[in-house]
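Undergrad: Would you be able to build a 3D model of this:
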Amino acid sequence: MSLPGDDLLEAYEAGVRARRLRVVDPPMPDDDGFDLVHGVDGSGPSSAPTIDLAPVMALPAFGAMLRPALERAKRRAAGVEKPILLPWRSIGEHFAGGFWTGVHFINAGTGTGKTQFSLQVTLNAAAAGVPVGYIGLELGDDEIAMRGLGLTALVPWSHLFTGKAGPTYLERAEGAIPKLEGLPIHPFFGDPLGFPVGRVLDIAKAMRATYPETDGPGSRPLLLVLDFLQLVGDSPGERRDLRERVAHAAYQCRAIARDLGFAVLVISSIARDKYDLSALAQRAGLAYDEDPDGYPIKRRIRAPDVLIGVGKESGEIEFSADSLSVLWRVAETRNENGVDVVFATVKGRATSTTWSALHFSGFRFDEPADRGAAVVQAWRDAGEARAQEREQKREAKGQAKADKVTTDAAAVARYVLEHPDCGVVDARVNAVGNDSARWSAAKARLGAALAESPGKGRSKLLAVDLARLPSGVASAMGVTS
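TA: Numbering: from 1, shown residues only. The predicted structure follows:
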């Protein structure tokens with residue numbers, strides 16, 4: 001028995017409503033064979049599925065966010081809430097004064113000083129009263145302590161570590177201890193079984209519990225340093241591949257920044273196939289103007305996307321980052337005092353892209369006295385060298401082409417001399433493989449030395465005047481005057 005029209009329409013509309021309400025289990029045909037979703041005829045009436053419409057969650061309201069956000073903007077404008085200051089004024093300018101709440105990634109290759117960079121940031125923040133959680137997954141107690149002593153006492157930490165420090169260095173290191181003992185730095189280290197990502201969150205929670213915000217959001221800034229990202233392991237019972245682990249850790253850091261009010265500095269390794277950053281930097285278009293003294297100003301990056309993807313698992317890093325920077329050495333600036341490096345910020349959610357130069361002595365970073373002039377000069381010299389190399393290649397290619405024409409001209413002349421009164425076609429076929437372009441070029445090179453005279457019919461006979469041979473062709477033929 002078929003359903004009356006009204007019942008059919010009612011059943012169909014019930015199926016549509018069910019789909020709009022995202023019923024998980026699709027409605028089955030009723031006992032009479034009628035499909036409520038697709039409206040297939042059956043016999044007998046059927047009822048629509050029932051759905052519990054009781055709210056399962058409270059819907060957030062955008063309007064409720066506005067006033068708290070404005071109040072926080074006012075606190076920042078008034079200087080109540082401030083960023084975490086960095087040791088270098090020029091680098092702080094990349095981030096509108098320093099690290100604001102958020103996740104800040106730095107990509108750097110092996111041996112570029114990324115651990116010293118992160119430790120300098122740590123010591124500077126702690127000296128300003130900002131508590132720091134430092135997760136050093138490649139370090140141990142002695143090494144991080146010696147690095148801290150070296151940075152504070154202006155002593156190469158490696159001398160302390162390898163026993164090369166003499167009495168003067170040791171005395172200076174001892175004098176640095178009182179400056180460091182009371183700093184709110186909390187170091188954590190890796191272990192043979194790996195450093196689970198969940199422990200990063202535990203550390204952040206413990207720090208926020210120890211240092212609560214007592215005067216509203218941003219009143220107690222905290223810094224968490226993770227050195228470095230690719231060494232974070234799985235939580236117990238999990239087995240992820242590297243990309244999944246990095247993605248999990250990166251978004252864990254973002255949650256810590258957002259929910260607990262941290263600035264999180266994450267050091268990340270550069271992919272091995274991207275170690276030659278000088279070539280990538282050229283493509284990225286690091287640009288600048290010069291002040292009257294020749295120092296670079298108004299530093300900018302024309303194509304930052306070129307450098308965004310240099311890190312391992314770069315996609316996961318980029319998506320979770322509030323800022324993303326790259327650190328690399330400018331090898332041409334190396335001397336007995338160290339080497340200059342470039343710190344390029346290629347992504348900022350609230351800031352623009354820019355670059356600055358620093359000087360790395362081998363154990364600490366400082367702002368160079370020349371404000372990056374040596375780096376700019378190295379780029380200029382490299383650019384001139386590349387231009388010279390291109391010109392040399394162009395000239396070599398032109399010379400090779402001219403030599404080929406001369407060789408063909410000599411072959412034509414030699415064939416004509418060996419075959420008196422030969423025709424054009426005969427000479428072209430045997431001397432240059434019947435190649436019209438090569439024949440025309442060789443003929444032009446011989447000029448007046450190649451004479452044509454009428455032959456039978458429309459053919460022309462050839463002859464060579466040795467006295468008129470161009471010197472290059474004569475030399476190629478071994479003909480002396």
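
Undergrad: Show me how the protein divides into domains.
TA: Listed domain ranges for the chain are 1-52, 82-371, 396-477 (source: automatic domain parsing).

Undergrad: what would these look like in a markdown table with mean neighbour count and mean pLDDT?
TA: For every residue, glycine as well, the C-beta is placed using N, CA and C. Compiled in a markdown table, the domains of the chain are given as follows (neighbours: other C-beta atoms under 10 Å; pLDDT from 0 to 100):
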| stretch | mean neighbour count | mean pLDDT |
| --- | --- | --- |
| domain 1-52 | 14 | 52 |
| domain 82-371 | 18 | 93 |
| domain 396-477 | 16 | 93 |
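
Undergrad: Could you dump these into a markdown table and include distance to L66?
TA: Shown next, in a markdown table, are the domains of the chain (distance: least, C-beta to C-beta, whole Å):
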| stretch | distance to L66 |
| --- | --- |
| domain 1-52 | 31 |
| domain 82-371 | 15 |
| domain 396-477 | 65 |
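
Undergrad: Looking at this structure, which helix is longest?
TA: helix 373-418 (DSSP state H).

Undergrad: rewinding a little: to G383, which of the domains of the chain lies closest?
TA: Proximity to G383 (C-beta to C-beta) singles out domain 82-371 among those, at 8.2 Å.

Undergrad: residues in contact with Y169?
TA: Under the criterion of C-beta atoms under 8 Å, 6 or more residues apart in numbering, the contact list for Y169 reads 153, 155-156, 159-160.

Undergrad: mind listing which of those are in helices?
TA: Reading helices off the contacts of Y169 with DSSP H, I get 153, 159-160.

Undergrad: where do the helices sit along the stretch 201-350 of the chain?
TA: Here the stretch 201-350 of the chain has its helices, by DSSP state H, counting those that start in this stretch, at 242-260, 277-284, 305-308, 314-320.

Undergrad: The longest helix of the chain packs against which elements?
TA: On a contact count with 3 or more C-beta pairs under 8 Å, 6 or more residues apart in numbering; DSSP states H and E, helix 373-418 meets strand 286-290, strand 296-301, strand 339-348, helix 424-432, helix 436-446, strand 450-454, strand 460-464, helix 471-477.

Undergrad: got the end-to-end distance for stretch 204-216?
TA: End-to-end distance of stretch 204-216: 18 Å, with C-alpha to C-alpha, to the nearest Å as the criterion.

Undergrad: ok so, going back, CSV please, covering the contacts of Y169 and showing distance to L277.
TA: Formatted as CSV, the contacts of Y169 follow (distance: C-beta to C-beta, whole Å):
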residue, distance to L277
A153, 32
V155, 30
P156, 26
H159, 29
L160, 31
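
Undergrad: In these, find the pair that's most separated.
TA: A153 and H159 (10.7 Å).

Undergrad: In contact with the nearest residue to E367 once chain neighbours are set aside: list those residues for me.
TA: Using C-beta to C-beta, 6 or more residues apart in numbering and skipping residues adjacent in sequence, the residue nearest E367 is W88, 5.2 Å away. Applying C-beta under 8 Å, 6+ apart to W88 gives the contacts 356, 358, 365-367.

Undergrad: repeat that for 10 Å
TA: By C-beta atoms under 10 Å, 6 or more residues apart in numbering, the residues touching W88 are 94, 117, 120-121, 124, 343, 356, 358, 365-367.

Undergrad: same thing with E93?
TA: So E93 contacts 86, 299, 345, 351, 354, 356 (C-beta under 10 Å, 6+ apart).

Undergrad: swap in T152?
TA: Here T152 is in contact with 123, 127, 172-173, 175-177, 179-180, 183, 364 (criterion: C-beta under 10 Å, 6+ apart).

Undergrad: ok, it to Q116 distance?
TA: 13 Å (C-beta to C-beta, to the nearest Å).

Undergrad: Equivalent analysis for Y134, please.
TA: Distance of Y134 to Q116, computed by C-beta to C-beta: 13 Å.

Undergrad: can you check I317 too?
TA: 21 Å.

Undergrad: Can you tell me which of the contacts of E93 is nearest W379?
TA: Nearest member of those to W379, counting by C-beta to C-beta, is R299, at 12.0 Å.

Undergrad: shouldn't the closest one be in contact with S356?
TA: Yes: counting by C-beta atoms under 10 Å, R299 does reach S356; the two are 6.5 Å apart.

Undergrad: Mutual contacts of the two, please.
TA: Joint contacts of R299 and S356 (C-beta under 10 Å, 6+ apart) are 90, 93-94, 342, 344, 372.

Undergrad: which of those are the two that sit furthest away from each other?
TA: E93 and V342 (14.8 Å).

Undergrad: ok, the residue nearest to E367 to V375 distance?
TA: 15 Å.

Undergrad: And for L137?
TA: L137 is 31 Å from V375, by C-beta to C-beta.

Undergrad: Next up, the contacts around D227.
TA: Residues near D227 by C-beta under 10 Å, 6+ apart: 106, 114-115, 117-119, 122, 134-139, 144, 265-268.

Undergrad: just to revisit the earlier point, any idea which of the shared contacts of R299 and S356 is the one closest to L450?
TA: The closest of these to L450 turns out to be V342 (C-beta to C-beta; 59.7 Å).

Undergrad: still on that earlier bit, the contacts of D227 in helices, which ones?
TA: Among the contacts of D227, the members found in helices (DSSP H) are 114-115, 117-119, 122, 144.

Undergrad: will you turn the residues you listed into a markdown table that also has distance to E384?
TA: What follows is those, written out as a markdown table (distance: C-beta to C-beta, whole Å):
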| residue | distance to E384 |
| --- | --- |
| K114 | 31 |
| T115 | 35 |
| F117 | 31 |
| S118 | 36 |
| L119 | 38 |
| T122 | 40 |
| I144 | 43 |
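
Undergrad: which one among those gets closest to F189?
TA: When these are compared for distance to F189 (C-beta to C-beta), I144 wins out at 7.8 Å.

Undergrad: Assess the claim that that closest one and F189 are in contact.
TA: Yes: using C-beta under 10 Å, I144 is in contact with F189, at 7.8 Å.

Undergrad: between the two, what contacts are shared?
TA: 134, 136, 138.

Undergrad: Which of the residues you listed sits closest to G102?
TA: For these, the nearest to G102 is Y134 (18.2 Å; C-beta to C-beta).

Undergrad: how close does that closest one get to F161?
TA: 18 Å.

Undergrad: Over to D421?
TA: In terms of C-beta to C-beta, D421 sits 89 Å off from F161.

Undergrad: what does A176 give?
TA: Counting by C-beta to C-beta, the separation of A176 from F161 is 15 Å.

Undergrad: Include distance to A441 when you put the shared contacts of I144 and F189 into TSV, please.
TA: Listed next are the shared contacts of I144 and F189 as TSV, based on distance: C-beta to C-beta, whole Å:
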residue	distance to A441
Y134	71
G136	68
E138	64
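
Undergrad: which residues does the residue nearest to W157 when sequence neighbours are not counted contact?
TA: Closest residue to W157 apart from its sequence neighbours, by C-beta to C-beta, 6+ apart: G150 at 3.2 Å. The contact partners of G150, taken as C-beta under 10 Å, 6+ apart, are 116, 119, 156-161, 165, 169, 172-173, 176, 363-364.

Undergrad: Could you find the closest non-adjacent residue to L160?
TA: Leaving aside its chain neighbours, L160 sits nearest to M146 (4.4 Å; criterion: C-beta to C-beta, 6+ apart).

Undergrad: so that neighbour is in which element?
TA: helix 141-153 (DSSP states H and E).
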